[in-house]
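In: got a structure for you, letters missing:
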Ligand SMILES: NC(=O)NCCC[C@H](N)C(=O)O
């Protein structure tokens, strides 16, 4: 049993006790080729198989003693009070940019007529114009409310850091509404609303930060990507709030990574798998630019110092270890290119030296095995089409301290 703390995440590798997932739902079946790019997908997963794969992921976690929570259930349980449900709907509707007010009313009536859990599933899946009896001409955009196919990447909309959460501001409009769910869970869910969970970042802050860029390297050191998805100004704000709170973190390393889809988030570039071991994207082995943020407690000021060095050097120095990097696909141009595309460096550690990976990345898995890492591989032919791996598909709420 956990202690009374609901959120406790002071590392990337401490034994995982509670995690939040989202089982892919009808939103996946609302993907069609014309909208893939805007909805951040590269292909259309076959939902039935994606769900089977996802259920295997959840089973592996449960078999390891991890409590698996589902986003959709947490949200539904947060909306039991009818006033809160009404507020939630107004907020979701305000952000789905429906122009005509009468259509907002139709949409609201349609959603309100459903039992709460079905309503949450529907908000996630998206609503077609014809579902609320509007005309849906062949050349007309069919959705009055867009689907949210990226929801199974629970890593990104909010992140648990220490005993608090960072409710993120997503870079893309298509993912921005996802963060409303986290807001309602932490403000209204009976288990969380009075648990005194601090919020280090808010979804209405002007700068973008996504959870795939937020890594907890130790109880002192956080790493955050300055990436395609996260602004460094946002990281300054996040760091200041954490430093001021008296949490154990005293350094935030901002990693300046290429702003491209292949690198997307910091966790596409590297993930921590043991006290001194990391999986890495071979494209990141040169000199990196890092800004190290620390806090001048006396004057209440964040201090920023620029550093340059290889990933190995930077990690070794700040974590006081001899960092060992495992290169995706062993660094071979073709193998690494292929396995990296399917998130070969995006591993989820469930305890030190024990990780969940995609089974299709078998060369990287073999190398991990040779390095005495226990690899639990999951089937991934459909899940991988959304461009995220096991770390992206999970949000740890509670890890045992190291
Ligand atoms: N942390 C991650 O790297 N998450 C993967 C997100 C994939 C999703 N299709 C996206 O582009 O946002």
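Out: The structure has been received and is ready for your questions. Note that the coordinates shown come from a computational prediction; the quantities given were computed from them, not determined experimentally.
In: tally of neighbours for whichever residue of the stretch 201-350 of the chain sits closest to the ligand?
Out: Proximity of the stretch 201-350 of the chain to the ligand (C-beta to the nearest ligand atom) peaks at residue 212, 2.3 Å away. C-beta: built from backbone N, CA, C; applies to glycine. Counted by other C-beta atoms under 10 Å, the residues lying close to residue 212 total 25.
In: Repeat that for residue 89.
Out: The local packing of residue 89 (other C-beta under 10 Å) involves 18 other residues.
In: Need the per-residue pLDDT for it.
Out: For residue 89, the pLDDT comes out at 97.
In: For the residue of the stretch 201-350 of the chain closest to the ligand, give me its contacts.
Out: Each residue near residue 212 by C-beta atoms under 8 Å, 6 or more residues apart in numbering is listed here: 153, 155-156, 225, 229, 264-268, 388, 391-392.
In: if we go to 6 Å?
Out: Counting by C-beta atoms under 6 Å, 6 or more residues apart in numbering, residue 212 makes contact with 155-156, 265, 267, 392.
In: Which one of these sits in the busiest neighbourhood?
Out: The most crowded member of those, judged by other C-beta under 10 Å, is residue 267 (30 neighbours).
In: re earlier: quick check: nearest residue in space to the residue of the stretch 201-350 of the chain closest to the ligand, chain neighbours excluded?
Out: residue 265 (2.9 Å; C-beta to C-beta, 6 or more residues apart in numbering).
In: Point out the residues in this structure that sit beside the ligand.
Out: Contact residues, the chain versus the ligand (C-beta under 6 Å from any ligand atom): 40-41, 150, 153, 155-156, 175, 212, 264-265, 267-268, 386-388, 392.
In: now for those residues, which pair is the farthest apart?
Out: Across the residues of the chain next to the ligand, no pair lies farther apart than 41 and 267, at 18.3 Å, counting by C-beta to C-beta.
In: And the residue nearest to residue 212, how far from residue 257?
Out: 9 Å (C-beta to C-beta, to the nearest Å).
In: go on, residue 61?
Out: Using C-beta to C-beta, residue 61 is found at 28 Å from residue 257.
In: Quick check: the residue of the stretch 201-350 of the chain closest to the ligand is in a helix.
Out: Yes - Residue 212: assigned to a helix according to DSSP: H, G, I helix; E, B strand; the rest coil.
In: tell me the pLDDT at it?
Out: 98.
In: go on, residue 59?
Out: The model reports residue 59 with a pLDDT of 98.
In: cool, and residue 331?
Out: At residue 331, pLDDT is 87.
In: from here on, count from 657
Out: Noted, 657 is the first residue going forward, which turns the last one into residue 987.
In: Mutual contacts of residue 921 and residue 913, please.
Out: Listed contacts common to residue 921 and residue 913 are 881, 883; contacts here mean C-beta under 6 Å, 6+ apart.
In: For residue 1027, the count of nearby residues, please.
Out: When neighbours are counted by other C-beta under 10 Å, residue 1027 registers 15.
In: Who are the contact partners of residue 707?
Out: Contact analysis of residue 707 by C-beta under 6 Å, 6+ apart lists residue 680.
In: ok, and for the helix or strand hosting it, which residues are buried?
Out: Take DSSP states H and E as the rule and residue 707 turns out to sit in helix 703-719. If you call a residue buried by 16 or more other C-beta atoms under 10 Å, then helix 703-719 has these buried ones: 703, 706-707, 709-710, 712-714, 716-717.
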